[in-house]
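A.B. asks: what follows is a predicted structure for the sequence shown.
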Amino acid sequence: MRIGDGYTGPEMVSTAAWVAAAVVLSIGLALTGAAAVWQQQRAAAESRTLQERQVERLQADLVKRLTMPVYGLKGARGTIAALEGKVTRAAFDAYVESRDLPKEFPGARGFGLIERVARRDLDRFVAARQRDRTAPFRVHGSGTDETLYIVSQISPFSRNFGAWGLDSGADPVRRQAIEQAVDSGEETLSTPVRLVHDPLKGPGFLLFVPVYKQGHDPGTPAARRASLLGVLYAPLVANDLLRGVAEPAAALLDLKLSVRGLDGEFLPLLALRDGAALPLDDAAEYALEDASTATATHFTTAGREFRLEAALTRDAAMRLLGLSGLGVELGGALLSLLLAITVYLLAAGRSRAERLARGMTAELARLATVASHTTNAVMITDAARRITWVNDGFTRISGYTPAEALGRLPSDLLHSELTHADTVHGMREAMNVGLGCEAELLQRRKDGRDYWVQLEIQPLRDEAGELTGFMSIESDITARKVLQAQADEARASLQDLYDNAPCAYYSLDADGCFLQINALGLKWLGCTPAQLIGKAGPADFFDTEGRVLFAGAYAGFKRDGRISGLEFNLTGRHGEARRVSLSATAVYGTDGAFLRGRSVMYDISETHRIRQQLHQLTLDQEAMLESDLVGILKLRDRQTVWRNHAVERMFGYDEGELLGAPARRLYADDTSYATLGALAYPQLKSGGRFRTQVQMRRKDGSLIWVDLSGVDLPATASEPGGESLWMMVDITQSKAHEARMERAALHDALTGLPNRLLLADRLKQAIASAERNGHVFALAYLDLNGFKQINDHHGHDAGDEVLKAVATRLQAGLRASDTVARLGGDEFVVLLTPQQGPAEAGPVLSRLLDALARPVTLSDGHQAAVGSSLGLAHFPSDGRTPDALMRHADEAMYANKRAGKSRALSR
């Protein structure tokens with residue numbers, strides 16, 4: 001037999017050598033078989049333990065994410081209970097703004113309050129809520145139940161306006177979860193629903209927390225329903241809530257997370273196969289039961305049952321189970337064979353080993369040279385993960401020299417407070433079982449700066465397969481991460497501006513079907529994107545006359561490229577009707593073929609109604625609707641670099657006159673210009689969107705109210721940055737209407753005096769001021785004597801004249817800080833604030849009674865006289881609350897009236 005590369009002559013093999021080799025081979029194979037069985041059992045046990053740990057961690061993380069918003073909702077529950085459910089919009093917004101929703105409660109779109117309303121009380125409920133909002137409050141999506149569950153508060157409002165006024169009880173899923181929360185007194189999670197809060201309309205949950213009177217749980221379902229003040233809730237977007245939850249386990253496990261629906265079936269929420277997320281449509285058919293390592297865990301949180309199925313991925317199963325015994329078998333067999341032939345190769349083996357060692361040394365030298373000169377950071381650790389070697393790239397990226405790095409743990413050297421804990425945990429889990437891993441990780445340089453790396457870690461093993469350490473290769477991806485963040489921010493800002501514009505935006509194909517539509521347009525039509533895109537067009541929601549008009553106009557629009565000022569009667573699938581104005585421009589290909597139409601639709605229902613009543617207003621509205629309804633400006637350093645024609649028409653400028661002009665020209669004065677700049681631009685620079693209502697000045701000097709919203713534009717290769725985009729809508733008419741409605745609600749229609757509602761507000765202010773400054777004040781209750789005789793003898797018109805004269809005389813005898821109010825009929829209240837003592841009220845009231853003593857000359861020439869009974873109350877001696885003071889003054893007035901203490905006027 002000839003052996004060795006350096007063989008120089010023949011060598012005869014003895015029989016004893018053959019026998020020894022056979023014995024060694026037999027013993028080695030027997031030991032190898034036993035070791036393979038033991039190794040397979042050990043690998044199976046370790047894989048089960050690892051899988052259980054990953055499932056337990058994932059379950060704990062899911063429960064935490066699903067229930068974390070409960071703490072925010074419970075924080076608001078005490079305040080709402082103390083206010084007996086009469087929480088204002090400002091108070092609710094202030095609480096929500098005090099919480100950092102994205103950080104404290106990932107996945108939560110906001111917080112809201114649902115109130116239970118009987119259908120017979122719906123009109124009164126809507127009227128009461130109108131006073132707490134600048135936008136009209138309207139109940140929508142209502143079902144047929146006698147009891148409604150209406151969203152009366154929602155914040156942040158701009159992100160969730162679609163849910164404001166929604167009857168949540170109309171949906172069986174929402175109603176079941178609400179009633180379960182009310183009857184149980186516990187936080188309750190709904191089954192998956194399509195959230196109106198989510199512009200993408202993905203799956204989500206609603207988390208409900210009931211609020212009872214005095215903040216106490218009555219204890220029984222019947223008592224809880226009777227004591228209910230409302231239900232706090234948080235809309236949870238499943239995609240945001242579950243984002244990244246399975247990343248640490250993705251390299252090891254196939255997963256499927258499901259929730260039990262109302263019909264008892266489990267609905268999929270999340271599925272991973274071979275480290276990749278599956279679409280929810282495919283997840284429904286995805287089954288893990290057939291896998292040998294499959295397990296299913298059921299857990300309940302917030303009243304909702306979940307099922308978490310897990311199994312080792314094919315790669316992980318092969319690494320942990322499939323190759324565990326095979327490696328021992330092959331290694332043992334090979335070792336046995338090598339031991340057997342060692343008898344023959346001993347002599348020549350030494351020189352062969354030396355040549356092999358020299359080759360390996362040369363190869364290692366070549367690898368070390370490559371590792372030292374690569375731009376990536378290379379790091380080698382021992383089995384305890386302490387650094388044993390780093391290359392020059394490591395020093396360039398991290399700033400640490402080899403002397404500073406050797407012997408230290410990478411986590412101690414490079415850890416940052418912003419490093420994602422779950423990613424680090426997943427890497428450690430993989431290395432604990434001797435596996436490699438890949439990840440993107442935030443680390444910290446020696447100089448304190450953070451940087452991102454693309455990290456790949458591979459285990460190092462010796463000839464026996466034992467783990468000796470790990471090799472890590474890192475690529476600096478900080479620049480890529482920064483660019484990605486900027487792109488995401490710009491895209492989100494533009495999408496937010498598009499979705500939250502005060503009009504409907506959409507695109508149509510050549511057949512008039514929707515290609516794209518914003519959130520407001522979907523709300524008007526009462527549809528989801530899946531129901532519209534490629535399936536329906538705006539004409540499907542017009543009346544018969546509108547469809548005929550649209551068909552003729554659209555054919556000409558595709559040819560001419562522009563359409564403006566068309567009006568239609570539009571009715572959504574939920575039955576809500578409105579009058580809309582439509583304007584559009586066409587987009588053509590390089591060959592001149594029509595590609596799509598870009599359209600803007602504005603709700604002009606109120607304008608259309610007023611236009612039918614007032615001819616002049618009709619002309620103004622028609623002139624406005626013949627053009628685009630939304631003005632758009634692009635500013636750089638607060639100077640106009642681009643505008644649309646609607647801005648020039650809105651402010652009365654000629655075409656092109658505003659280009660290059662400073663934005664100051666459009667503001668009412670220097671103060672409003674500086675104030676808006678100080679408020680808006682810091683918010684825009686931080687990536688936010690700014691929106692307000694402000695008075696601005698036209699070219700002719702007149703002032704108009706404008707709904708103004710803006711967003712910062714990111715820098716590009718052609719634009720250096722520092723630009724912002726602003727959208728403007730003229731809301732002057734709605735502001736005037738709002739002011740008239742507010743005055744009508746707070747003043748008496750006959751006399752113009754404050755009514756009972758305004759008096760109550762001023763009385764509360766007087767009490768607060770008196771308690772704060774140590775003042776006293778007086779409250780007088782007046783009732784006219786003989787007023788009924790005037791109505792009987794002279795008629796009710798004469799009575800109205802007397803009431804107006806009384807009101808005028810009362811107002812003339814008071815100071816600017818005092819208040820006189822008419823409660824109704826011939827009853828008046830005088831509030832004297834502030835007073836230094838009770839005695840000071842006497843002279844003022846005497847002057848008032850003297851003024852009332854003078855006869856009133858009626859329009860028919862007759863004179864009428866009335867007497868007055870007066871009751872007086874002082875704060876704080878006669879009461880410290882509005883009700884106590886009014887009651888004391890009323891009782892004093894009636895006591896004086898019964899005693900005959902009054903001042904009478906003669907004819």
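C.D. replies: Received the coordinates, thanks.
A.B. asks: residues near residue 238, how many?
C.D. replies: Residues near residue 238, counting by other C-beta atoms under 10 Å, number 21. All C-beta atoms are positioned from the backbone trio N, CA, C, and that covers glycine.
A.B. asks: now it: how far from residue 62?
C.D. replies: Counting by C-beta to C-beta, to the nearest Å, the separation of residue 238 from residue 62 is 11 Å.
A.B. asks: so where is the stretch 201-350 of the chain shaky, pLDDT-wise?
C.D. replies: Along the stretch 201-350 of the chain, segments meeting pLDDT under 70 span 201, 321-333, 335-336, 339-340, 342-350.
A.B. asks: from residue 820, how far out is the nearest residue to residue 130 once chain neighbours are set aside?
C.D. replies: In space, residue 130 comes closest to residue 137 once its chain neighbours are excluded; the distance is 5.1 Å by C-beta to C-beta, 6 or more residues apart in numbering. Distance of residue 137 to residue 820, given as C-beta to C-beta: 32 Å.
A.B. asks: try residue 292
C.D. replies: 87 Å.
A.B. asks: which of these two has more neighbours?
C.D. replies: Looking at residue 292 and residue 820 with other C-beta under 10 Å, you find the greater number of neighbours at residue 820, namely 24 against 9.
A.B. asks: okay but that one is in contact with residue 811, surely?
C.D. replies: Yes - between residue 820 and residue 811 there is a contact under C-beta atoms under 8 Å: 5.8 Å.
A.B. asks: any idea what residue 271 is bridged to?
C.D. replies: residue 256 (DSSP bridges).
A.B. asks: count the neighbours of it for me.
C.D. replies: 23.
A.B. asks: number of nearby residues for the nearest residue to residue 848 once chain neighbours are set aside?
C.D. replies: Of all residues not flanking residue 848 in the chain, residue 813 sits nearest, at 4.8 Å (C-beta to C-beta, 6+ apart). By other C-beta under 10 Å, 19 other residues sit near residue 813.
A.B. asks: buried residues in the helix or strand harbouring residue 520?
C.D. replies: Assigned by DSSP states H and E, residue 520 belongs to helix 519-525. Within helix 519-525, the residues scored as buried using 16 or more other C-beta atoms under 10 Å are 519, 520, 521, 522, 523, 524, 525.
A.B. asks: ditto for stretch 874-884
C.D. replies: In stretch 874-884, counting by 16+ other C-beta under 10 Å, buried: 874, 875, 878, 879, 882.
A.B. asks: for the second one, what are its contacts?
C.D. replies: Applying C-beta atoms under 8 Å, 6 or more residues apart in numbering, one finds that residue 875 lies in contact with 766, 767, 770, 776, 777, 778, 779, 885.
A.B. asks: leaving out the residues flanking it, which one is nearest to it?
C.D. replies: Nearest one to residue 875, counting by C-beta to C-beta, 6+ apart, is residue 777 at 5.2 Å.
A.B. asks: SS state for residue 464?
C.D. replies: coil (DSSP: H, G, I helix; E, B strand; the rest coil).
A.B. asks: from residue 565, how far out is it?
C.D. replies: Going from residue 464 to residue 565 by C-beta to C-beta gives 84 Å.
A.B. asks: comparing those two, which residue is more hemmed in?
C.D. replies: Neighbour totals were compared for residue 464 and residue 565, and residue 565 leads with 15 against 8 (other C-beta under 10 Å).
A.B. asks: what average pLDDT does the one helix or strand that one maps to get?
C.D. replies: Using DSSP H and E, residue 565 sits within strand 562-571. Mean per-residue pLDDT for strand 562-571: 89.
A.B. asks: for stretch 862-870, same thing?
C.D. replies: Average pLDDT, stretch 862-870: 85.
A.B. asks: got the end-to-end distance for that stretch?
C.D. replies: From its first residue to its last, stretch 862-870 covers 26 Å (C-alpha to C-alpha, to the nearest Å).
A.B. asks: okay, helices next: where are they in the stretch 751-900 of the chain?
C.D. replies: Along the stretch 751-900 of the chain, counting by DSSP state H, counting those that start in this stretch, helices occupy 756-773, 787-794, 796-812, 841-853, 882-899.
A.B. asks: wait, I meant the stretch 101-250 of the chain
C.D. replies: 101-104, 122-130, 157-160, 172-184, 221-226, 238-241, 247-250.
A.B. asks: what's the closest of these to residue 824?
C.D. replies: helix 122-130 (18.8 Å; C-beta to C-beta).
A.B. asks: CA atoms only: put the closest one into PDB for me.
C.D. replies: Below are the C-alpha coordinates for helix 122-130, written out as PDB (Å, rounded to 0.1, in the frame of the first residue of the first chain):
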ATOM      1  CA  LEU A 122     -81.000  62.500  20.300                       C
ATOM      2  CA  ASP A 123     -82.000  66.100  19.200                       C
ATOM      3  CA  ARG A 124     -81.300  67.500  22.600                       C
ATOM      4  CA  PHE A 125     -78.000  65.700  22.800                       C
ATOM      5  CA  VAL A 126     -76.800  67.000  19.400                       C
ATOM      6  CA  ALA A 127     -77.800  70.600  20.300                       C
ATOM      7  CA  ALA A 128     -75.900  70.400  23.600                       C
ATOM      8  CA  ARG A 129     -72.800  69.100  21.800                       C
ATOM      9  CA  GLN A 130     -72.900  71.900  19.200                       C
END
